[in-house]
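*Asks:* coords below, sequence missing:
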């Protein structure tokens with residue numbers, strides 16, 4: 001067994017998913033590191049997002065049963081690149097294979113106090 005590995009750990013808002021049946025079954029899911037902006041135009045509600053792939057049939061079923069867009073998920077997995085040619089105009093194909101997940105919240109909570117609605121900041125700086 002190789003001592004090398006490439007893994008990821010992500011927590012974000014589920015944007016949506018698409019089930020592909022051919023040439024092999026897999027579920028593509030988009031996850032955003034930020035809550036929805038509330039915009040109705042496609043691509044503007046979650047301007048930042050990353051696509052992840054699920055291939056395990058049991059995990060695909062569990063994911064589709066337990067989550068829906070707007071939920072906050074935490075997930076882990078592996079990734080690999082193919083078609084990589086540095087400093088050229090060729091594409092880089094990176095596959096993020098999701099191996100496990102947990103649904104952390106059923107969408108972001110709305111914050112109300114004394115009749116006022118508060119929202120989460122668009123960006124939080126951390127040191």
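*Replies:* Perfect, thanks for sending it. Small disclaimer: the values here were computed from a predicted structure and weren't measured.
*Asks:* phi, psi of the most far-flung residue of the chain relative to its centre?
*Replies:* What lies farthest from the middle of the chain is residue 114; by C-alpha atoms, centre = their mean that is 34.1 Å. Torsion angles at residue 114 (phi, psi; degrees, to the nearest 10) stand at phi 50, psi 40.
*Asks:* center of the chain - which residue?
*Replies:* Centroid-nearest residue in the chain, with C-alpha atoms, centre = their mean: residue 31, separated by 2.2 Å.
*Asks:* in a helix, that's where that residue is, yeah?
*Replies:* No: counting by DSSP: H, G, I helix; E, B strand; the rest coil, residue 31 is not part of a helix but strand.
*Asks:* Give me the nearest residue to it, chain neighbours excluded.
*Replies:* Nearest residue to residue 31 in three dimensions, chain neighbours excluded: residue 12, at 4.3 Å (C-beta to C-beta, 6 or more residues apart in numbering). Quick note: C-beta positions are derived from backbone N, CA and C, even for glycine.
*Asks:* Please apply the same query to residue 50.
*Replies:* residue 31 (5.9 Å).
*Asks:* so what's that neighbour up against?
*Replies:* Contact analysis of residue 31 by C-beta atoms under 8 Å, 6 or more residues apart in numbering lists 10, 12-15, 49-50, 52, 73, 75.
*Asks:* which residues does it form a beta bridge with?
*Replies:* Going by DSSP bridges, residue 31 is paired in beta bridges with residue 14, residue 50.
*Asks:* From residue 70, how far off is residue 39?
*Replies:* In this view, residue 39 and residue 70 are 14 Å apart by C-beta to C-beta, to the nearest Å.
*Asks:* Neighbour count: these two, which is higher?
*Replies:* More neighbours surround residue 70 than the other of residue 39 and residue 70, with 16 against 11 (other C-beta atoms under 10 Å).
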